[in-house]
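Undergrad: what follows is a predicted structure for the sequence shown.
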Amino acid sequence: MLLRLSLTAVLIACAGLSPAAPALDRQKLAREVGSLFAAKGVDNTTPGCAVGVIEHGQWALRSSFGMANLEHGIPITNQSIFRTGSLGKQFTATAIALLAEQGKIDLDEDIHEYLPDLADYGHKVTVRQMIHHVSGIPDYEQGLPALQTADGEDLVLEDEDYLSIEEFYDRVKTIPLFAPPETVFDYSNTAYFLLSQVVEAVTGQTLREYAQEQIFGPLKMSQSFFNDEVTDVVKNRVDGYERNDDGSYSIFMTNLSWVGDGGVYTNLDDWLKWDQNFYHNVLGTAGQELVHQMEQSYSVSGNYAWGQEVETYRNLKQVSHTGSWVGFTTYYVRYPERRTSIVVFCNSNVITADDLMKVRDLVLDQITDTPHPKQEQNE
């Protein structure tokens with residue numbers, strides 16, 4: 001036995017690898033996560049969540065709570081397809097990074113080089129600035145004159161008013177900057193939608209088509225795509241819900257089909273493949289340079305990198321993003337130093353991003369000695 005252990009240590013050392021960190025207590029984690037969602041009232045009569053914890057490329061936890069469809073009594077499973085909201089931004093950013101790698105776009109070129117019919121901004125606005133939310137392009141959710149009805153009312157962009165992708169582009173291309181580029185960080189869904197139009201302009205493919213060819217296909221994420229046609233039939237699709245004042249639920253849906261700012265549909269099993277590509281990239285030229293670039297912030301963007309926020313939490317490097325749209329609340333966080341990630345997809349507005357971060361802290365309680373910040377405050 002001693003010889004066998006010594007040989008294993010030698011092989012690890014020769015390969016330049018470090019032994020895996022102690023495994024999570026999976027049974028304890030499952031109990032604690034189950035208790036967390038039970039306390040939120042999630043059961044087989046309510047919408048719920050799919051929860052995954054990845055440790056060294058394997059599922060340490062893969063659990064589902066609540067229902068994918070209340071009308072037909074369909075439970076959530078690891079195969080359930082969720083709309084992921086702004087988690088889709090990291091795929092849009094990856095598409096742009098790949099186009100830059102392919103020499104098809106210059107990240108520091110004026111956006112008008114690719115979308116010449118945009119309004120004259122009076123400043124040079126670059127693709128890179130748009131990636132990092134420092135372009136000065138205002139967010140369409142802020143209430144813009146270009147996004148009003150004929151009688152001057154704001155369009156309700158979630159579940160009432162309808163604009164095609166072409167109609168939406170015609171509206172937002174006339175919007176002026178709200179601030180000069182690189183003077184302020186301001187989260188802009190508009191900028192990320194426009195990045196989808198850059199992809200189409202330089203490739204002749206929609207973002208959906210390009211991502212399938214360059215991202216989802218190579219990663220064998222067969223259940224993942226940018227949904228630029230909301231009327232498509234999607235097997236295992238989860239419905240989004242909002243809870244009414246009387247405790248009942250209503251279906252919360254959108255008839256908007258544009259993507260880039262979001263729009264990625266996926267499930268837990270596919271997300272594992274995405275997560276692992278950060279450690280062994282196979283996209284583009286298959287080098288880790290792509291992953292390194294995706295984690296770089298810029299100018300006044302603070303900790304915002306390429307569709308991801310990169311910061312330190314509880315003494316660990318944390319790479320994360322949240323999503324929220326028409327009843328869906330999502331969260332993905334990765335700790336590269338520990339090869340540990342948490343991904344949660346939920347389908348009602350009852351579950352908040354703060355709830356999902358409680359799952360994160362249950363995991364971190366096991367893999368770091370650094371107390372939760374709230375614990376520190378109470379000591």
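TA: In hand now; what should we look at?
Undergrad: can you show me the helices along the stretch 51-200 of the chain?
TA: 89-101, 127-131, 165-172, 189-203 (DSSP state H, counting those that start in this stretch).
Undergrad: who's in contact with the first one?
TA: When contacts are defined by CB atoms under 8 Å, 6 or more residues apart in numbering, helix 89-101 is touched by residues 105-107, 127, 131, 192, 195-196, 198-199, 202-203, 207, 210-211, 214-215, 226, 259-262, 264, 283-285, 290, 293-294, 306-308, 321. In short, each C-beta sits where N, CA and C put it, glycine included.
Undergrad: out of the residues you listed, which sit inside strands?
TA: Counting by DSSP state E, the part of these found in strands is F226, V264, H321.
Undergrad: most neighbours, which of those?
TA: Counting by other CB atoms under 10 Å, V264 has the largest number of neighbours within the ones in strands among the contacts of helix 89-101, with 31 neighbours.
Undergrad: ok, G73 touching T46?
TA: No - at 11.9 Å, G73 and T46 do not qualify as touching, with contact defined as CB atoms under 8 Å.
Undergrad: neighbour count: the two, which is higher?
TA: Legend: neighbour count by other CB under 10 Å for G73 and T46, higher for T46 (21 against 10).
Undergrad: contact partners for that one?
TA: By CB under 8 Å, 6+ apart, T46 lies in contact with G66, M67, L70, Y249, S348, V350.
Undergrad: and the last one, what element?
TA: Taking DSSP states H and E as the criterion, no element holds V350; it sits outside all helices and strands.
Undergrad: gap between it and K40?
TA: Computed with CB to CB, to the nearest Å, the distance linking V350 and K40 is 7 Å.
Undergrad: and if you look at the third one?
TA: The spacing between L70 and K40, counted by CB to CB, is 16 Å.
Undergrad: which residues does stretch 31-41 contact?
TA: Residues from elsewhere that reach stretch 31-41, judged by CB under 8 Å, 6+ apart: 48-49, 51, 61, 63, 65-66, 350-351, 355, 358-359, 362.
Undergrad: 6 Å instead, please
TA: Stretch 31-41 is contacted by residues V51, F65, K358, V359, L362 when judged by CB atoms under 6 Å, 6 or more residues apart in numbering.
Undergrad: so which bits of it are buried?
TA: Across stretch 31-41, burial judged by 16 or more other CB atoms under 10 Å covers E32, V33, L36, F37, K40.
Undergrad: which one among the residues you listed gets closest to P176?
TA: Of all the buried residues of stretch 31-41, the one sitting nearest P176 is K40; the distance, using CB to CB, is 42.6 Å.
Undergrad: and that closest one, what pLDDT?
TA: Confidence at K40, expressed as pLDDT, is 95.
Undergrad: and if you look at N378?
TA: Among the per-residue scores, N378 shows a pLDDT of 38.
Undergrad: report the backbone C-alpha coordinates of stretch 281-300 in CSV.
TA: Presented in CSV, the C-alpha positions along stretch 281-300 are these (Å, rounded to 0.1, in the frame of the first residue of the first chain):
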residue,chain,number,x,y,z
ASN,A,281,-10.2,25.3,-23.7
VAL,A,282,-11.0,23.7,-27.1
LEU,A,283,-12.6,26.8,-28.7
GLY,A,284,-10.8,28.8,-31.5
THR,A,285,-7.1,28.1,-31.5
ALA,A,286,-7.7,25.9,-28.4
GLY,A,287,-5.3,27.9,-26.2
GLN,A,288,-5.8,29.2,-22.7
GLU,A,289,-5.2,32.7,-24.0
LEU,A,290,-8.9,32.9,-24.7
VAL,A,291,-9.8,32.1,-21.1
HIS,A,292,-7.2,34.6,-19.8
GLN,A,293,-8.7,37.3,-22.1
MET,A,294,-12.2,36.5,-20.9
GLU,A,295,-11.2,37.3,-17.3
GLN,A,296,-9.6,40.7,-18.0
SER,A,297,-11.4,43.9,-17.1
TYR,A,298,-10.7,47.2,-18.8
SER,A,299,-10.5,50.9,-18.1
VAL,A,300,-13.2,52.1,-15.7
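Undergrad: residue ranges with poor pLDDT in this protein?
TA: The chain contains residues with pLDDT under 70 at 1-22, 142-162, 374-379.
Undergrad: where exactly do the strands run in it?
TA: So, for the chain - with DSSP E - the strands run 49-55, 58-65, 67-69, 74-75, 82-83, 225-226, 241-243, 249-251, 264-266, 309-313, 316-325, 328-335, 340-346.
Undergrad: those strands: which one's closest to D186?
TA: With CB to CB as the measure, strand 309-313 is the member of the strands of the chain nearest D186 (14.7 Å).
Undergrad: buried set for that closest one?
TA: Judged by neighbour count (16+ other CB under 10 Å), strand 309-313 contains these buried residues: E309, V310, Y313.
Undergrad: bridging residues for the first one?
TA: Pointing back at E309 there. E309 forms beta bridges with Y304, S320, as assigned by DSSP bridges.
Undergrad: pretty sure it sits against G302.
TA: No - using CB atoms under 6 Å, E309 is not in contact with G302, being 8.4 Å away.
Undergrad: next up, the contacts around K317.
TA: For K317, the residues meeting the contact criterion (CB under 6 Å, 6+ apart) are P336, E337.
Undergrad: now do N69
TA: By CB under 6 Å, 6+ apart, the residues touching N69 are D239.
Undergrad: the same query, at a cut-off of 10 Å, please.
TA: In this structure, N69 makes contact with P47, P75, I76, S80, N236, R237, V238, D239, Y241, I251, N347, judged by CB atoms under 10 Å, 6 or more residues apart in numbering.
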